[in-house]
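Asks: sequence plus predicted model, see below.
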Amino acid sequence: MSLTRDDIRAIYDLPFPELIRRAMEVHRAHHDPLQVQLCQLENIKSGRCPEDCAYCAQSAHHDVEIEEYGLEQVEEVHDAARRARESGATRLCMGAAWRGPRNRKEFETVLEMVRRVRGEGLEACVTLGMLTSEQAQELAEAGLTAYNHNLDTSPEHYAKIIHTHTFEDRLETIGHVRAAGISLCCGGIVGMGETREDRIGLLHALVSLDPPPESVPINRLVPIPGTPLADAEPLDPIELVRCIATARILMPLSRVRLSAGRQGMTRELQALCFVAGANSIFTGDRLLTTPNPGEGDQGLLASLGLRGETEQEAAEERARLGMR
Ligand code: SAM
Ligand code: DTB
Ligand code: SF4
């Protein structure tokens, strides 16, 4: 679909009740509005990343105290997959603090992790930084369901946040992922001091990927002491809801994931996000380096009458979207 920024602004700026009504209609037309995908994150390699993303606890450029470790063992990840499955998740998302896979042996370990996770009946997603077309192909052959590579913010704002790679580099990796037939998980962060126009620019870039990403994580900045964005002005919560609703309207078939930042959100705000079309969350008590609600989510979902996506439903969804 070819949409201009003006088209997107016209949706984003709608009177709030009108925006929500439209998002709800689109959500119902394409999804069961009571069903939420549950994804478990696993930080398979932590810290000392050569990139300088201003929001990130894992960049070697910032002075943040986190647990640092090299690539995990296959068995550790396999155990994490079993636990994730037992807790009701249908997808394991594995993140590595890399600029991209460099070491052949480590890359082969990641391929084996992907095979093990799929072997447990879970969807497998990885985020490893920039890929070559060959690496994307190998990940596809290992059975990878999705690759996460966020555009993070508008093309104009990008260079204010990251200096060690460009927005175009991101698009190049996304092209390799698509060419290998892997489904795409691509979204961004809000609350990094960007303007509303930047948020509209990010949504425009996402919907212009053609086809848009099958999964769209919307992260609210988790401000991390020691990073350049530690003191960023908190985002008006209504802006977050507008982003989610606009993403839902623009990308009807996609999963819109209410991603990082839920720990600091009220139940009411999260409820509004689900009403506005969010239908995926990260479960568990940790994201990569920061806390996540964990057990509390069962109560939240139950109080709203929502339920986790089943394995069977995940398989049907993959078939519907032509995913692995
Ligand atoms: N190194 C890989 C990369 O950047 O593609 C993968 C890991 S990176 C942590 C994945 C995404 O997490 C980032 O693109 C960003 O959207 C999100 N993220 C990282 N730190 C965050 C924070 N403090 N608050 C919100 N989102 C964050
Ligand atoms: C995404 O968009 N959000 C996840 C996942 N993809 C890899 C990461 C969130 C990280 C939040 C900050 C932290 O825990 O370090
Ligand atoms: Fe590295 Fe990814 Fe963090 Fe950027 S967001 S510093 S690439 S781990």
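Replies: Received, thanks. Residues are numbered from 1 along each chain as shown. Ligands and ions are numbered 1, 2, ... in the order given.
Asks: stretch 143-163 and ligand 2 in contact?
Replies: Yes: applying CB under 6 Å from any ligand atom, one finds stretch 143-163 touching ligand 2 at Asn148, Asn150. Backbone N, C-alpha and C define where each C-beta goes, glycine included.
Asks: between the two ends of that stretch, how far is it?
Replies: 33 Å (CA to CA, to the nearest Å).
Asks: wait, does that stretch contact ligand 1?
Replies: Yes: under the criterion of CB under 6 Å from any ligand atom, stretch 143-163 makes contact with ligand 1 via His149, Asn150, Asp152.
Asks: that stretch - what's its average pLDDT?
Replies: Averaged across stretch 143-163, pLDDT comes to 97.
Asks: heads up, I number from 57, so please use that
Replies: Noted, 57 is the first residue going forward, which turns the last one into stretch 199-219.
Asks: pull out the buried positions in it.
Replies: Buried residues in stretch 199-219, counted by 16 or more other CB atoms under 10 Å: 199-211, 213-214, 217-218.
Asks: quick one: it to chain centroid distance?
Replies: Here the centre of stretch 199-219 is set off from its chain's centre by 10 Å, with CA atoms, centre = their mean, to the nearest Å.
Asks: about what we covered before: closest to His117 among the residues of stretch 199-219 next to ligand 1?
Replies: The closest of the residues of stretch 199-219 next to ligand 1 to His117 turns out to be Asp208 (CB to CB; 16.2 Å).
Asks: so in terms of bridging, what pairs with the residue nearest to that closest one when sequence neighbours are not counted?
Replies: Leaving out its chain neighbours, the residue that sits closest to Asp208 by CB to CB, 6 or more residues apart in numbering is Gly244, at 4.6 Å. Beta-bridge pairing for Gly244 (DSSP bridges): Asp208, Ile274.
Asks: the helix or strand Asp225 falls within and ligand 2, any residue contact?
Replies: Asp225 belongs to helix 223-235 when assigned by DSSP states H and E. No: between helix 223-235 and ligand 2, judged by CB under 6 Å from any ligand atom, nothing touches; the nearest distance is 12.7 Å.
Asks: what is the rounded mean pLDDT of that helix?
Replies: On average, the pLDDT along helix 223-235 is 97.
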